[in-house]
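Undergrad: Turn this into a model:
(one chain, ligands or ions: 1)
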Amino acid sequence: MIPKLVIANWKMAIDRDSVRHFRNEWEANQAFCEAKILVAPPAIFLSDLDGMAGVALCGQDVSANEPGAHTGELSAQMLNDFGCSHGLVGHSERRSSWSESDALVAKKALKLELLQICPVICVGESKADRESGRAEEVVAAQVLASCALLKSAPVIAYEPVWAIGSGEAATPEIAEAMHAAIKATLGERFGKPVPVLYGGSVNERNASQFTSCDSIDGLLVGGASLNARTFLNICQSVGS
Ligand code: PGA
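TA: Residues are numbered from 1 along each chain as shown. Now for the predicted structure:
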């Protein structure tokens, strides 16, 4: 069985006081969780979470470039220096706002892999793709192209674009079918099973509907991860 993983993606939606408040609340209320838990803060706050009980750290993005003159970018080495075990790449907000292609996502994932940081590759179809019946084809193409340069198994996060931040999560049936399709697409490519997480409007009420599905190995949580107690409840719904 693949161990469950739950990732908090704080995006650019938190300030430093709130990061400190989250940490205090989390550490005061922390309880046993069956899942491995990761927090992806804005990189400037990674050191505020150093040594936080019960969580590992994840980058929100990484540069595809070699260290050097790239103002505003973060290298995989920098994420490594700040203790990140994982790094998100290819989030739909980056694919749409920065026109990131699968080829760029593949290069970013490779940069992480070379430093033994596990890439969490985000994929997902648009509303139009789903309505035209092309969702599985589009996601399969993203998965294959984004993983093209990797030698070891990444984590895949299936996040339908229409479900992110919309309050309209996928149904567990839609998610389960896509997760099974992603696993079938990768087949034996990495010689071991690839964990596939669901993301998109996950909250305290719907989390266990996803994590109780066979093909869903965990969650990538945006808005509902900003509050420590809410996020803890989501994490504790895994395995319950
Ligand atoms: P959401 O975001 O939970 O706020 O929908 C998920 C994500 O974008 O990772």
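
Undergrad: if I pick the closest residue to the ligand within the chain, what's in contact with it?
TA: The chain approaches the ligand most closely through residue 222 (2.2 Å), counting by Cβ to the nearest ligand atom. (Glycine included, C-beta is placed from N, CA and C.) Contacts were defined as Cβ atoms under 8 Å, 6 or more residues apart in numbering; by that measure residue 222 touches 9, 11, 13, 164, 165, 199, 202.

Undergrad: same for the ligand: which of these are within range?
TA: Near the ligand, judged by Cβ under 6 Å from any ligand atom, the entries from the contacts of residue 222 are 9, 164, 165, 199, 202.

Undergrad: distance of the residue lying farthest from the centre of the chain from residue 180?
TA: Seen from the C-alpha centroid of the chain, the residue lying at the greatest distance (Cα atoms, centre = their mean) is residue 69, 27.9 Å away. Here the distance between residue 69 and residue 180 works out to 44 Å (Cβ to Cβ, to the nearest Å).

Undergrad: in stretch 17-35, what's buried?
TA: 19, 22, 23, 26, 30, 33, 35 (16 or more other Cβ atoms under 10 Å).

Undergrad: I figured the fifth one hits residue 37, correct?
TA: Right, the one you point to is residue 30. No: using Cβ atoms under 8 Å, residue 30 makes no contact with residue 37, being 9.7 Å away.

Undergrad: Between the two, which contacts overlap?
TA: Here residue 30 and residue 37 share the contacting residues residue 54, scored by Cβ under 8 Å, 6+ apart.

Undergrad: which residues touch residue 87?
TA: By Cβ under 8 Å, 6+ apart, residue 87 lies in contact with 58-62, 76, 79, 108, 112, 117-120.

Undergrad: Sort out which of the ones next to the ligand among the contacts of residue 222 are buried, if you could.
TA: Using 16+ other Cβ under 10 Å as the burial test, these include 9, 164, 199, 202 as buried.

Undergrad: State the phi and psi torsions of residue 109.
TA: Here is the backbone geometry of residue 109 (degrees, to the nearest 10): phi -60, psi -40.

Undergrad: ok, now how distant is residue 202 from residue 172?
TA: Separation of residue 202 from residue 172 (Cβ to Cβ) stands at 11 Å.

Undergrad: who touches both of the two?
TA: Shared contacts of residue 202 and residue 172, defined by Cβ under 8 Å, 6+ apart, are found at residue 210.

Undergrad: what does this structure have sitting close to the ligand?
TA: For the chain, the contact set with the ligand under Cβ under 6 Å from any ligand atom comprises 9, 159, 164-165, 199-202, 220-224.

Undergrad: 5 Å instead?
TA: For the chain, the residues in contact with the ligand (Cβ under 5 Å from any ligand atom) are 9, 164, 165, 199, 200, 201, 220, 222, 223.

Undergrad: residue boundaries of the strands in the chain?
TA: 5-9, 36-40, 56-59, 84-89, 118-123, 155-158, 196-199, 218-221 (DSSP state E).

Undergrad: is it possible to export those strands to TSV including mean pLDDT?
TA: Output for those, formatted as TSV (pLDDT from 0 to 100):
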stretch	mean pLDDT
strand 5-9	98
strand 36-40	97
strand 56-59	98
strand 84-89	98
strand 118-123	98
strand 155-158	98
strand 196-199	98
strand 218-221	98
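
Undergrad: Format the ones you listed as a markdown table; extra columns: distance to residue 136.
TA: Shown next, in a markdown table, are those (distance: least, Cβ to Cβ, whole Å):
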| stretch | distance to residue 136 |
| --- | --- |
| strand 5-9 | 23 |
| strand 36-40 | 27 |
| strand 56-59 | 27 |
| strand 84-89 | 21 |
| strand 118-123 | 11 |
| strand 155-158 | 11 |
| strand 196-199 | 13 |
| strand 218-221 | 19 |
